[in-house]
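> next input, structure requested:
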Amino acid sequence: MRVVFLLTLFLALSYSATTKHAAQTPKLTYATVQTKPKGQWYMAASGHAVYCFGPVIKVTDWQSEIGFRRVATFCRGEKPMVDLKE
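As a prediction, this is how the structure comes out:
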């Protein structure tokens, strides 16, 4: 009878210890998992380095004889699109 009582008491205490430990673990929220957008450095046509988050695209340039120019999009600074050095 004592063995059954001690075994029951031991199981009850171990169960309550594990449930308290599980309740104390911090939950991950969106704010703690949020990452920063990753970008890349490019050399602008003006000779400066720019950090941009978007893709590099080709846009039409009607003033030049080439017809297209490469631009980096979503850049830091004053201009959202920056002409790239060829």
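> the bottom helix or strand of the protein by mean pLDDT?
Within the chain, no helix or strand scores below helix 30-33, which has a mean of 58 by mean pLDDT, DSSP states H and E.
> where are the low-confidence patches of this structure?
Under the criterion pLDDT under 70, the flagged ranges of the chain are 15-35, 64, 66.
> Ile57 against Val71, yeah?
Yes - contact between Ile57 and Val71 holds when scored by C-beta atoms under 8 Å: they sit 6.1 Å apart. All C-beta atoms are positioned from the backbone trio N, CA, C, and that covers glycine.
> ok, these two, which is more surrounded?
Counting neighbours by other C-beta atoms under 10 Å for Ile57 and for Val71 shows that Val71 has the greater number, 23 against 12.
> ok, that one - contacts?
With contacts defined as C-beta atoms under 8 Å, 6 or more residues apart in numbering, the neighbours of Val71 are 56-59, 81-84.
> mind checking which of the residues you listed are in strands?
With strands defined by DSSP state E, the entries of the contacts of Val71 inside them are 56-59, 81-83.
> need those in a markdown table (columns: distance to Thr8).
Output for these, formatted as a markdown table (distance: C-beta to C-beta, whole Å):
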| residue | distance to Thr8 |
| --- | --- |
| Val56 | 69 |
| Ile57 | 70 |
| Lys58 | 75 |
| Val59 | 76 |
| Met81 | 72 |
| Val82 | 72 |
| Asp83 | 77 |
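> helix or strand for Leu6, which one?
Element membership for Leu6, per DSSP states H and E: helix 2-24.
> ok, Gln40 to Thr60 distance?
Distance, Gln40 to Thr60, using C-beta to C-beta, to the nearest Å: 24 Å.
> try Cys75
Distance from Cys75 to Thr60, counting by C-beta to C-beta: 20 Å.
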